[in-house]
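Chemist: sharing a sequence plus its predicted fold:
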Amino acid sequence: MREVTPTQSALLELREERRGMDEGYRFLDEKRLVLAAEALRQLARYEAAMAEFNQRFAQAGDALKAAVARHGLEGLEVYPVLSAPEAELVVSERSVLGVSLQEVRIEGAESRTAFPACNPSPEAERCRKLFGDLAVSAASLAGISGNLERLREEYQRTARRARALEDVLLPEIDETIARLDLMLEDLDREEAVRVRYGRGLANIP
């Protein structure tokens with residue numbers, strides 16, 4: 001419990017502090033709502049991106065089975081890989097109440113082989129292409145995952161601060177203000193009694 005000297009100036013300072021805390025709580029409460037809404041938007045994007053990734057992963061897995069069946073594991077291991085020397089991981093950012101949200105994509109990912117395959121096949125070509133597409137999906141998914149994690153951390157921080165104000169600091173200062181009000185009322189009554197008593201003594205001949 002806060003110890004405060006019972007004066008009118010102290011009471012005014014406490015009430016001003018109380019107003020500041022209340023404004024801070026309202027800001028944190030609104031921030032929680034904004035962060036929660038953005039988290040829901042990012043979660044919807046994540047679920048859509050994950051569904052696309054899983055679909056591509058399944059297609060790539062089927063293509064890999066077909067390519068292994070055609071070439072054998074050793075034959076597929078020496079199949080020319082695709083290279084994309086001009087590919088670039090592009091990250092664009094925006095901020096929501098101080099939380100950095102990123103959009104991740106791969107640009108310039110046109111791939112080519114360093115040398116032609118000795119024994120090319122549609123199965124191997126499809127397998128190679130689908131795994132390349134999978135990397136593009138993974139990049140986008142990674143960006144959204146990072147957004148969700150940063151939003152979660154900031155929401156938890158904001159919620160802790162809001163609860164501390166709501167459950168601890170605001171009740172504590174309200175109690176201190178009420179106690180100080182009572183103390184000042186008692187002092188006023190004591191002063192009034194002293195004044196009346198002093199006047200009574202002054203009137204005695």
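Modeler: Yep, it's here.
Chemist: just checking, next helix/strand downstream of the helix or strand bottoming out on mean pLDDT in the chain?
Modeler: Lowest by mean pLDDT, DSSP states H and E among the helices and strands of the chain is strand 112-113, with a mean of 62. Using DSSP states H and E, the next helix or strand after strand 112-113 towards the C-terminus is helix 122-164.
Chemist: pull the distance from that following helix to the chain's centre.
Modeler: Centroid displacement of helix 122-164 relative to its chain, using CA atoms, centre = their mean, to the nearest Å, is 14 Å.
Chemist: and if you look at stretch 97-105?
Modeler: 10 Å.
Chemist: how many neighbouring residues does residue 29 have?
Modeler: As a burial measure, residue 29 scores 14 neighbours (other CB atoms under 10 Å). C-betas here are computed from N, CA, C, even on glycine.
Chemist: now the one 4 residues further on
Modeler: Neighbours of residue 33 under the rule other CB under 10 Å: 9.
Chemist: which element, helix or strand, includes it?
Modeler: Element membership for residue 33 (DSSP H and E) is helix 8-77.
Chemist: that helix packs against which elements?
Modeler: With contacts defined as 3 or more CB pairs under 8 Å, 6 or more residues apart in numbering; DSSP states H and E, the secondary structure elements packing on helix 8-77 are strand 88-96, strand 99-107, helix 122-164, helix 170-202.
Chemist: if we go to 7 Å?
Modeler: Using 3 or more CB pairs under 7 Å, 6 or more residues apart in numbering; DSSP states H and E, the elements in contact with helix 8-77 are helix 122-164, helix 170-202.
Chemist: quick check on residue 5: phi, psi?
Modeler: Main-chain torsions, residue 5, degrees, to the nearest 10: phi -70, psi 130.
Chemist: below-threshold pLDDT in this structure: ranges please.
Modeler: Confidence mapping of the chain against pLDDT under 70 gives the ranges 1-2, 83-86, 108-115, 195, 197-205.
Chemist: list the contacts for the most centrally placed residue in it?
Modeler: Of all residues in the chain, the one closest to the mean position by CA atoms, centre = their mean is residue 151, 1.3 Å from it. Residues in contact with residue 151 (CB atoms under 7 Å, 6 or more residues apart in numbering) are 35, 38-39, 42, 99.
Chemist: redo that, cut-off 10 Å
Modeler: 35-36, 38-43, 96-97, 99, 101 (CB atoms under 10 Å, 6 or more residues apart in numbering).
Chemist: residue 156 too?
Modeler: Taking CB under 10 Å, 6+ apart as the criterion, residue 156 is in contact with residue 35.
Chemist: pretty sure residue 181 contacts residue 11?
Modeler: Yes: contact between residue 181 and residue 11 holds when scored by CB atoms under 10 Å: they sit 7.0 Å apart.
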